[in-house]
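Enquirer: Build me a structure from this.
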Amino acid sequence: MTSSEAKRNLSAMSILWILFMMTACRKEIAADEAKVKPPVSVYIVTARIDKKGTNSDSEGTAILKGRYDEETKKIDYHIQYANISPQLIALRSGPKGSKGTLVKEVYKITEGQELPSVISGSFFLTPLQERALLKGLWFATVGARSVSPEISGTLTLKQQK
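Expert: Here you go, the predicted structure:
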């Protein structure tokens, strides 16, 4: 065997050895393992609704307490109010100080209807609504016939442990 043949054989064996090592060390990743799913959270939702931050002179207040579940995309809420007779209670999305976009009318009085002491309900969110809620862009408004403008408060979320 000549030295050039020996070099060729050595080069070929080196290439084969490198290919063998590369394929032997490759780890197979299943398609399910490759996707990392973010943790699903449940949030406590609260809002203090009053004249602070509005041009209202109303002495009325309201408290919104609720729960939001990221897995089901469902928000549950309970609203208690004092010193105000609400005509309309709504959840809106938008920057602070704006009129915002209506997300949901949670209460609207009808003729002859008796005012409930607590307003409760739940609904499911769209992905866009969820994003705005988690960014802190939601606020609640309470409008009354005797007081203008309405009182409002920003919804805050706290991750439940």
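
Enquirer: What is the longest helix along the chain packed up against?
Expert: Longest helix in the chain, counting residues (DSSP state H): helix 3-24. Helices and strands touching helix 3-24, by 3 or more CB pairs under 8 Å, 6 or more residues apart in numbering; DSSP states H and E: there are none. Quick note: C-beta positions are derived from backbone N, CA and C, even for glycine.

Enquirer: what are the pairing partners of the helix or strand harbouring Thr141, and which direction each?
Expert: Element membership for Thr141 (DSSP states H and E) is strand 138-144. Applying DSSP bridges, strand 138-144 is found paired with strand 86-93 (antiparallel), strand 151-154 (antiparallel).

Enquirer: Let me have those in TSV, extended by mean neighbour count and distance to Arg145.
Expert: Shown next, in TSV, are those (neighbours: other CB atoms under 10 Å; distance: least, CB to CB, whole Å):
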stretch	mean neighbour count	distance to Arg145
strand 86-93	20	5
strand 151-154	22	13
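
Enquirer: for the chain, where's the lowest mean pLDDT among helices and strands?
Expert: Using mean pLDDT, DSSP states H and E, helix 31-34 stands out as the lowest-scoring helix or strand of the chain, at a mean of 61.

Enquirer: re the thing from before, and the strand holding Thr141, what's its mean pLDDT?
Expert: What strand 138-144 shows for mean pLDDT is 91.

Enquirer: ok now that strand, how far from the chain's centre?
Expert: Offset of strand 138-144 from its chain centre (CA atoms, centre = their mean, to the nearest Å): 19 Å.

Enquirer: got it, and stretch 79-88?
Expert: Mean-position distance between stretch 79-88 and its chain equals 26 Å (CA atoms, centre = their mean).

Enquirer: which outside residues touch that stretch?
Expert: Contact partners of stretch 79-88, identified using CB atoms under 8 Å, 6 or more residues apart in numbering, comprise 49, 58-65, 89, 105-109, 115, 117-120, 140-147, 150-151.

Enquirer: got the CA positions of that stretch in PDB?
Expert: Output in PDB follows, covering the C-alpha atoms of stretch 79-88 (Å, rounded to 0.1, in the frame of the first residue of the first chain):
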ATOM      1  CA  ILE A  79     -70.700  43.300  41.900                       C
ATOM      2  CA  GLN A  80     -72.000  45.100  45.000                       C
ATOM      3  CA  TYR A  81     -72.800  48.700  45.000                       C
ATOM      4  CA  ALA A  82     -73.700  51.400  47.500                       C
ATOM      5  CA  ASN A  83     -75.100  55.000  47.400                       C
ATOM      6  CA  ILE A  84     -76.000  54.600  43.700                       C
ATOM      7  CA  SER A  85     -78.900  53.300  41.700                       C
ATOM      8  CA  PRO A  86     -77.300  51.800  38.600                       C
ATOM      9  CA  GLN A  87     -79.000  52.000  35.200                       C
ATOM     10  CA  LEU A  88     -76.200  50.300  33.400                       C
END
